[in-house]
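1. okay, predicted coordinates and the sequence, questions at the end:
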Amino acid sequence: MARLDPIVEFREDHRKVRDHLMELAGAAEGGDLEAARTALGAIDALAGPHFRYEEESLYPSMKEFLGEYVDSLIEEHDGAIKTARVAAKILSQSSVTPEEGKMAAGAARALLIHVSNCDGLNILAEKFSQEKLDGLADDFQKARDQNVALLNWAESVRARKVA
Ligand SMILES: [Fe+2]
């Protein structure tokens with residue numbers, strides 16, 4: 001199998017997550033619980049391997065350019081996990097009040113900020129050596145093959161726990 005391009009795939013993940021977050025926000029606000037759940041499920045599935053790749057491979061590599069700032073990226077993930085949990089909890093109910101729908105939409109929009117910030121890392125990733133990019137590609141592929149969704153990963157695989 002050809003090696004994936006970690007820069008292209010990274011951005012592609014962000015595009016997909018961005019679109020699903022926007023769907024989620026719209027559906028949660030519009031009271032379409034089914035559509036909101038579908039969008040959240042897609043985000044959970046995509047973001048699990050993505051976060052895992054970031055924390056296990058990309059972020060440590062980024063220390064070359066960003067030094068200790070990388071630690072704040074991991075803290076940002078803690079916040080994103082908490083926010084995703086809030087949305088999942090709201091949407092797991094049999095019905096959702098307009099107020100709760102607004103809260104879930106707010107959570108989705110808060111996560112958009114992470115997507116936007118994270119995509120900026122690509123401008124630095126372009127400066128990695130080919131050897132490093134090949135290693136990143138293999139790690140990205142591995143995280144996808146392991147295929148653990150975000151909330152499950154945060155609970156069971158990620159060493160750092162979010163209260
Ligand atoms: Fe990302």
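-> That came through fine.

2. next up, the contacts around Glu76.
-> Residues near Glu76 by Cβ atoms under 8 Å, 6 or more residues apart in numbering: 114, 117. Placement of C-beta: from N, CA and C, glycine included.

3. any idea how far Pro98 is from it?
-> Relative to Pro98, Glu76 is positioned 29 Å away (Cβ to Cβ, to the nearest Å).

4. do Gly79 as well
-> 25 Å.

5. tell me which of those two has more neighbours.
-> Higher neighbour count among Gly79 and Pro98: Gly79, with 14 against 11, using other Cβ atoms under 10 Å.

6. check what pLDDT that one gets.
-> pLDDT for Gly79: 94.

7. for it, helix, strand, or coil?
-> helix (DSSP: H, G, I helix; E, B strand; the rest coil).

8. and Asp134, how many neighbours?
-> Asp134: 13 neighbours (other Cβ under 10 Å).

9. tell me which element it is part of?
-> helix 130-146 (DSSP states H and E).

10. CA atoms of that helix as CSV?
-> Coordinates of each C-alpha in helix 130-146 appear next as CSV, following Å, rounded to 0.1, in the frame of the first residue of the first chain:
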residue,chain,number,x,y,z
GLN,A,130,11.4,13.5,4.1
GLU,A,131,12.6,10.9,6.6
LYS,A,132,10.5,12.5,9.4
LEU,A,133,7.5,12.8,7.1
ASP,A,134,7.7,9.1,6.2
GLY,A,135,7.7,8.3,9.9
LEU,A,136,4.7,10.6,10.5
ALA,A,137,2.9,8.9,7.6
ASP,A,138,3.5,5.5,9.1
ASP,A,139,2.3,6.6,12.6
PHE,A,140,-0.8,8.3,11.1
GLN,A,141,-1.6,5.1,9.2
LYS,A,142,-1.1,3.1,12.4
ALA,A,143,-3.5,5.3,14.4
ARG,A,144,-6.1,5.0,11.6
ASP,A,145,-5.7,1.2,11.5
GLN,A,146,-6.1,1.0,15.3
